[in-house]
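[1] Take a look and give me a structure for this.
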Amino acid sequence: MKNLWIGTGWKMNHLMSDAMLYTDKIKDYCNQRHPSSNIFICVPFTVLYAVTEKLKDSQITVASQNVHWLDRGAATGEISPLMIKDAGAGMVEIGHSERRAMFAETDMMINAKVKAVLQNGLRPLVCIGETAQDKEMGLTIEKLTSQLKIAFHQVSPTQAENILVAYEPVWAIGESGSPASPEYADQVHAHIKKVLSEIFGKQAADIPVLYGGSVNPQNALPLISQEHIDGLFIGRAAWNVDGFIDIISMVEDFVTSELPVE
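    Coordinates of the predicted model:
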């Protein structure tokens, strides 16, 4: 049985009061249901400490949505890995397509962030994906291969067990995004796993590869049932905690039904 991961990123949403209500409800759900999946939420810096404090005795992993590659120094307005660790978070989302497009993050910057996060004992969630133009020109494989090889340049295979990868096709993200078909996503995930094996060798088997891009209650199970998809990274469908819980419950019910009878 796959070791599944199900998470969401809040993006620039949820003030403190909303964050606390959301956190209370997902914590209560996990304490009652004890899902077998690994549950995580990526939250804004403004609520990072409060959310981690609320969830420190739960099974839920809390992540920041960005990081700087320096531990400290002259980088006004940035947040270091040490600060994220000090706030209690255990994971960092790196390389989201919005960061790449809006804030000119390069693959080399992402590599620096990945190495800094790992060196500080945090888990990087590395986002990769092709644009609609890349896909139209038949460059999906080349683009993803390049993103992976640069992101993990000089990262030791011994660190593979602490890494997650999220495949988020840029054309599938956002309000106007159209989700990838489960079959297409699975084919791409198979290639991602092949590239990870080239980078990390047999330790690549320890790296979960999640699908993100307009995940919703209608496509969650068709996606998660694919051979090479190890989890879901949910966007707007999980900004409301009830939506997040609904998808987690669907996956948990599906996994339970798939277990062999002893």
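[2] you'd agree residue 58 is up against residue 32?
    No. With contacts counted by C-beta atoms under 8 Å, residue 58 stays clear of residue 32, the gap being 11.3 Å. Placement of C-beta: from N, CA and C, glycine included.
[3] who's more crowded, the two?
    residue 58 (16 against 8; other C-beta atoms under 10 Å).
[4] Quick check, pLDDT for that one.
    pLDDT for residue 58: 96.
[5] Which residue comes closest to it once chain neighbours are left out?
    For residue 58, ignoring the flanking residues on the chain, the nearest one in space by C-beta to C-beta, 6 or more residues apart in numbering is residue 27 at 4.9 Å.
[6] show me what contacts the one you found?
    54, 55, 58, 60 (C-beta atoms under 8 Å, 6 or more residues apart in numbering).
[7] Just the ones in strands from these, please.
    The strands, defined by DSSP state E, take in nothing from the contacts of residue 27.
[8] will you turn these into JSON lines that also has distance to residue 182?
    Output for those, formatted as JSON lines (distance: C-beta to C-beta, whole Å):
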{"residue": "54", "distance to residue 182": "34"}
{"residue": "55", "distance to residue 182": "31"}
{"residue": "58", "distance to residue 182": "30"}
{"residue": "60", "distance to residue 182": "26"}
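[9] Check which helix or strand residue 232 maps to.
    Residue 232 belongs to strand 231-234 when elements are defined using DSSP states H and E.
[10] C-terminal to that strand, what's the next element?
    helix 241-258.
[11] elements contacting that following helix?
    strand 5-9, helix 16-33, helix 220-224, strand 231-234 (3 or more C-beta pairs under 8 Å, 6 or more residues apart in numbering; DSSP states H and E).
[12] Please, where are all the helices along the stretch 101-250 of the chain?
    107-119, 132-136, 140-151, 182-200, 220-224, 241-258 (DSSP state H, counting those that start in this stretch).
[13] Turn the ones you listed into JSON lines, columns for distance to residue 90 and mean pLDDT.
    JSON lines is the format used below for those (distance: least, C-beta to C-beta, whole Å; pLDDT from 0 to 100):
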{"stretch": "helix 107-119", "distance to residue 90": "10", "mean pLDDT": "98"}
{"stretch": "helix 132-136", "distance to residue 90": "32", "mean pLDDT": "95"}
{"stretch": "helix 140-151", "distance to residue 90": "19", "mean pLDDT": "98"}
{"stretch": "helix 182-200", "distance to residue 90": "21", "mean pLDDT": "98"}
{"stretch": "helix 220-224", "distance to residue 90": "23", "mean pLDDT": "97"}
{"stretch": "helix 241-258", "distance to residue 90": "19", "mean pLDDT": "94"}
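[14] So, low pLDDT: which residues of the protein?
    1, 259-262 (pLDDT under 70).
[15] Contact partners for residue 220?
    Taking C-beta under 8 Å, 6+ apart, we find residue 220 in contact with 232, 234, 247, 250, 251.
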